[in-house]
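Engineer: Below is the structure, and that's it, no one-letter string:
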Ligand SMILES: [Zn+2]
C-alpha cells in the first residue's frame, strides 16, 4: 500500500472498505495496511520493544511527551457591559461575570499577570435594535473596552468577537426579513454591518478580529473593509467551522443573545457534517482568514484534526460555555478533579490540532501551568 500511513485516517479507510467490498479483499486491505504500519516502525515488536520503558519515570515521560500545554496558547473570553464597578455573575458559568469596562480591566490584568497573553471581547450593549447599531458605534461597549485595555495593558492582545446577535433586538446574527412564511436571516446585507463592526473595533485599537456570525462571504467583506481603512496588518481569526450546538446554552445567558424566535440552524453548521466543515474552512482560507477556529472544541476533535491536517493553518479551538459549566458542576459536587479534567481536555484539544485555546478557565489554567 504505497502512501499509506498508520493512524486514525488509515483505520477509517479500512473500515469503510470493509463494509463496501467483499470480505476477502477487505481482509487483504487490513493485513497489508498492518504490514505497512509495522514497516514504518521496523523492529517495533514485543519483547524487544517495550513501550513501558519510557513511562517508568516522570523525567522519561517529560522527555518523550508529544503535546504540551502552555499559558502562551490561552485566550480568555470576557463579556463587557455598560456601567461601573459592575460584576454580574452568570449563574450557569461559576466564576464568569458580565463586567463593566473598569472591572473588565481588572479581570484582564489578573489574567495577563497569570500569563494569559490574549482576551476575546464580547459586548452587551445598553440598548438593542434591528440594525445592531451598538455593534459598530464609535462609543459602543466593545470599542470602549478595547480603548481602555489597550491603553492600560498595551502588551495584552485584544481580540474582538465580530457578530451582531448581542446587538440585535431579535438576537439573530444577521439582518432579519419578516414575511408571511416567517422570518429569514439575510446574508449579503448583513456583510456590510459585519465589515463596519470589524473596522470600528480595529479603529478603537483591537489587535485582531474574530467573526463568529457564519454568514457566507463575511471574511472577504471584513478583509476588504480592514484593508480599505488601512488596517492591512490586522489578522482575522475566523470562526471557520462553527456548529449549531447545545453546548452554547450557558453562553446565551452570558451574552444575552438568545434568538427571540427560531434558531441559528440556517447559518451555523449541522453537527453531523464533517466534509461540509472542510468546505466552509476552505472558503475562509480563500477569503483571507489568518487563523481558523473550530467551535465547540471537545465534541468536535475530529473536525479540529481534519482542519489542521488539511490546511496546516494556525488553528484555534473554542472550549465553549457548556464545556466549562459541565466541569464546574461536576467539580462542585466532588465528582471529578477540576484541574486534572480541565488540563486533560485542553491537552486533547491541542493534540487534535489546536494551536490556540480559547477557554473560560484560561486564568486558572495559566496559574496551574505556572505562568509563561
Ligand atoms: Zn452571533
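Structural biologist: Received the coordinates, thanks. Small disclaimer: the values here were computed from a predicted structure and weren't measured. Numbers count the residues shown, from 1 in each chain.

Engineer: Close to the ion: what parts of the stretch 151-300 of the chain are there?
Structural biologist: 163, 165, 173 (Cβ under 5 Å from the ion). For every residue, glycine as well, the C-beta is placed using N, CA and C.

Engineer: Tell me how many other residues crowd the last one.
Structural biologist: Under the neighbour criterion other Cβ atoms under 10 Å, residue 173 is assigned a count of 26.

Engineer: Go ahead and confirm it touches residue 263.
Structural biologist: No - Residue 173 lies out of contact with residue 263 (Cβ atoms under 8 Å); the separation is 11.3 Å.

Engineer: where does the closest residue in space to residue 337 that isn't next to it in sequence land on pLDDT?
Structural biologist: Excluding its sequence neighbours, the residue lying closest to residue 337 (Cβ to Cβ, 6 or more residues apart in numbering) is residue 331, at 7.5 Å. On pLDDT, residue 331 comes in at 98.

Engineer: tell me which element residue 331 is part of?
Structural biologist: Residue 331 is located in helix 321-332, with elements delineated by DSSP states H and E.

Engineer: Please apply the same query to residue 151.
Structural biologist: helix 141-152.

Engineer: And that helix, what's buried?
Structural biologist: Residues 141, 142, 143, 144, 145, 146, 147, 148, 149, 150 are the ones in helix 141-152 that count as buried (16 or more other Cβ atoms under 10 Å).

Engineer: following that helix, which helix or strand comes up?
Structural biologist: Next along the chain after helix 141-152, taking DSSP H and E as the criterion, comes strand 157-162.

Engineer: What residues sit buried inside stretch 89-108?
Structural biologist: Buried, per 16+ other Cβ under 10 Å, within stretch 89-108: 90, 92-93, 96-101, 103-105, 107-108.

Engineer: ugh, typo on my part, it should be stretch 301-315
Structural biologist: In stretch 301-315, counting by 16+ other Cβ under 10 Å, buried: 301, 303, 304, 305, 306, 307, 308, 311, 313, 314, 315.

Engineer: average pLDDT across the helix or strand hosting the fifth one?
Structural biologist: Right, the one you point to is residue 306. Assigned by DSSP H and E, residue 306 belongs to helix 301-311. The average of the pLDDT scores along helix 301-311 is 98.

Engineer: for the closest residue in space to residue 128 that isn't next to it in sequence, what are its contacts?
Structural biologist: In space, and not counting its chain neighbours, residue 128 is closest to residue 169: 4.4 Å by Cβ to Cβ, 6+ apart. Counting by Cβ atoms under 8 Å, 6 or more residues apart in numbering, residue 169 touches 128, 129, 130, 260.

Engineer: which one of these is nearest residue 242?
Structural biologist: residue 260 (20.4 Å; Cβ to Cβ).

Engineer: What values do phi and psi take at that closest one?
Structural biologist: phi -80, psi -20 (degrees, to the nearest 10).

Engineer: likewise residue 187?
Structural biologist: Dihedral angles (degrees, to the nearest 10) for residue 187: phi -80, psi -60.

Engineer: if I pick the residue positioned nearest the centre of the chain, what's in contact with it?
Structural biologist: When Cα atoms, centre = their mean is applied to the chain, the residue found nearest the centroid is residue 318 (2.5 Å). The neighbours of residue 318, taking Cβ under 8 Å, 6+ apart as the test, are 239, 293, 294, 295, 296, 297, 358, 359.

Engineer: Report the buried members of those.
Structural biologist: Using 16+ other Cβ under 10 Å, the buried ones in those are 239, 293, 294, 295, 296, 297, 358, 359.

Engineer: Just give the nearest non-adjacent residue to the fourth one, would you?
Structural biologist: With sequence-adjacent residues excluded and distances taken as Cβ to Cβ, 6+ apart, residue 295 is closest to residue 318, at 3.9 Å.

Engineer: From residue 76, how far out is the one you found?
Structural biologist: Taking Cβ to Cβ, to the nearest Å as the measure, residue 318 falls 12 Å from residue 76.

Engineer: Nearest to residue 116 among the buried residues of helix 141-152?
Structural biologist: Distance to residue 116 across the buried residues of helix 141-152 (Cβ to Cβ) is lowest for residue 149, with 12.7 Å.

Engineer: List the residues that contact that closest one.
Structural biologist: 104, 105, 108, 119, 121, 156, 158.

Engineer: Isn't the second one up against residue 148?
Structural biologist: This points to residue 105. Yes - the pair residue 105 and residue 148 passes the contact test of Cβ under 8 Å, sitting 5.6 Å apart.

Engineer: how far away is residue 196 from residue 170?
Structural biologist: Distance of residue 196 to residue 170, computed by Cβ to Cβ: 19 Å.

Engineer: Having no further points to raise, I will conclude here.
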